[in-house]
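1. only the shape, not the letters, is given here:
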C-alpha cells in the first residue's frame with residue numbers, strides 16, 4: 001500500500017480540478033520548474049495514478065501544491081493532465097484562489113484577498129472576493145502575453161490551407177473560427193471537434209517553430225481554441241472550445257485561452273486596454289477578460305489580462321492502492 005494521497009475536488013465552469021494536498025513526495029531544494037521536470041522524468045506514475053482511471057478519466061485535471069521558490073508567492077503549483085504537465089491554467093488559478101483563502105493558506109478577510117501563486121510560467125496574482133466570510137468570484141492577472149503569429153497558414157490533409165493565429169497566455173494556442181473549417185460549435189459533435197483540433201495541432205507542430213523568448217520549458221503548442229467568430233464585446237459572450245494535451249476538452253472557457261485570445265485581438269487592433277470581453281464554454285460557464293496593462297517581452301508587444309470567474313467545491317478524497325491490484329497504476333480506455 002502506498003502512502004494515501006489526500007485531495008480536494010473542485011470545478012470551474014464544469015472543468016475539474018483535483019487539488020493534491022499531500023501524499024506525493026518531492027525532493028527538497030528544487031525550484032518549481034525542477035520539481036516539474038522531476039515529476040515528468042522520474043515520478044510520472046503519480047500523475048497517472050491521480051489522473052487516469054479508475055480514480056480519474058481522460059479529461060481529469062490536477063494541481064499539486066508545492067513550496068514556492070519565488071519570495072512573492074504564497075505557494076507554488078504544478079499542473080497535471082492526461083498527457084503531462086502544463087505551464088499555466090486559468091481555471092485552476094480560480095479554484096486555487098478560493099481554496100487558498102478557505103483552507104488558511106492565506107488569511108481570509110472580507111473584501112478582495114490577494115493570493116499569489118507561482119506557476120511554471122511565472123507568478124500569477126489572484127484576488128478572491130470575500131463577503132461575510134464567504135469566498136466567491138476570483139480574478140487574476142495573467143503573465144505577459146502576446147501574439148506569436150497572426151494570419152498564419154498551415155497545410156493540412158483534411159482541410160487544405162488553414163489560416164489561424166497563435167497566441168500565448170501562459171501557454172501557446174492555435175486560435176481560429178470553427179466556421180472556417182465548416183464546423184459549428186453548437187451543432188458539430190465534440191468528437192469531431194477533437195479530431196479537427198488534433199489534426200491542426202499536428203500540422204502546426206510540424207510546420208511552425210513554437211518558441212518562448214525567455215523560457216525553453218514553455219516552448220510548445222498546448223492546444224487549439226475554436227471560436228464562434230465573435231469577439232465577446234458588449235456583454236454578448238463569444239463561445240469557444242479548447243482542446244488541449246491528448247484530445248482533452250476544457251469544460252470551462254479556459255483562463256489562459258481567454259488571455260491568449262485577447263493578446264491576439266490586441267495585436268490585430270481589435271481590443272483596447274480597459275475593454276471587457278466575455279467568453280463562454282460548452283457548459284455555458286462565462287469568464288470575463290480585460291486588458292489591464294501593456295509591455296514588451298523581448299521582441300514581442302505584450303498585454304496583461306485580468307480574467308474573472310467562479311469555482312465550486314464538489315468533494316474531498318483519500319486515494320490508496322493495494323499491492324496486488326494490477327490496475328492500480330492507472331489506465332485509459334478512450
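-> Alright, I've got the coordinates. A quick note: this is a predicted structure, and the numbers were derived from the prediction, not measured. Numbers count the residues shown, from 1 in each chain.
2. CA atoms for contacts and neighbours, from now on please.
-> OK.
3. how close does the most centrally placed residue in the chain sit to residue 19?
-> In the chain, the C-alpha nearest the mean C-alpha coordinate belongs to residue 89, at 2.5 Å (C-alpha atoms, centre = their mean). In this structure, residue 89 and residue 19 are 13 Å apart, going by C-alpha to C-alpha, to the nearest Å.
4. ok, now residue 328?
-> Residue 328 is 20 Å from residue 19, where distance means C-alpha to C-alpha.
5. one more: residue 178?
-> The spacing between residue 178 and residue 19, counted by C-alpha to C-alpha, is 33 Å.
6. again with residue 80
-> Distance of residue 80 to residue 19, computed by C-alpha to C-alpha: 10 Å.
7. joint contacts of those two?
-> Both residue 80 and residue 19 are contacted by 62-64, under the criterion C-alpha atoms under 8 Å, 6 or more residues apart in numbering.
8. so which of residue 328 and residue 19 has more stuff around it?
-> Remark: of residue 328 and residue 19, residue 19 carries more neighbours, 25 against 17, as counted by other C-alpha atoms under 10 Å.
9. list the residues that contact the residue nearest to the centre of the chain.
-> 79, 170, 254-256.
10. now do the phi/psi pair for it.
-> With angles defined as degrees, to the nearest 10, residue 89 sits at phi -150, psi 110.
11. the contacts of residue 89 in strands, which ones?
-> residue 79 (DSSP state E).
12. quick check, nearest of the contacts of residue 89 to residue 315?
-> Nearest to residue 315 among these: residue 79, at 19.2 Å, using C-alpha to C-alpha.
13. in this structure that closest one contacts residue 65, no?
-> No - in this structure, residue 79 is not within contact of residue 65 by C-alpha atoms under 8 Å, at 9.1 Å.
14. give me the more crowded residue out of those two.
-> Legend: neighbour count by other C-alpha under 10 Å for residue 79 and residue 65, higher for residue 79 (23 against 19).
15. in contact with the more buried one, which residues?
-> Counted by C-alpha under 8 Å, 6+ apart, residue 79 has contacts 61-64, 85-89.
16. now do it against residue 181, distance only.
-> Distance, residue 79 to residue 181, using C-alpha to C-alpha: 31 Å.
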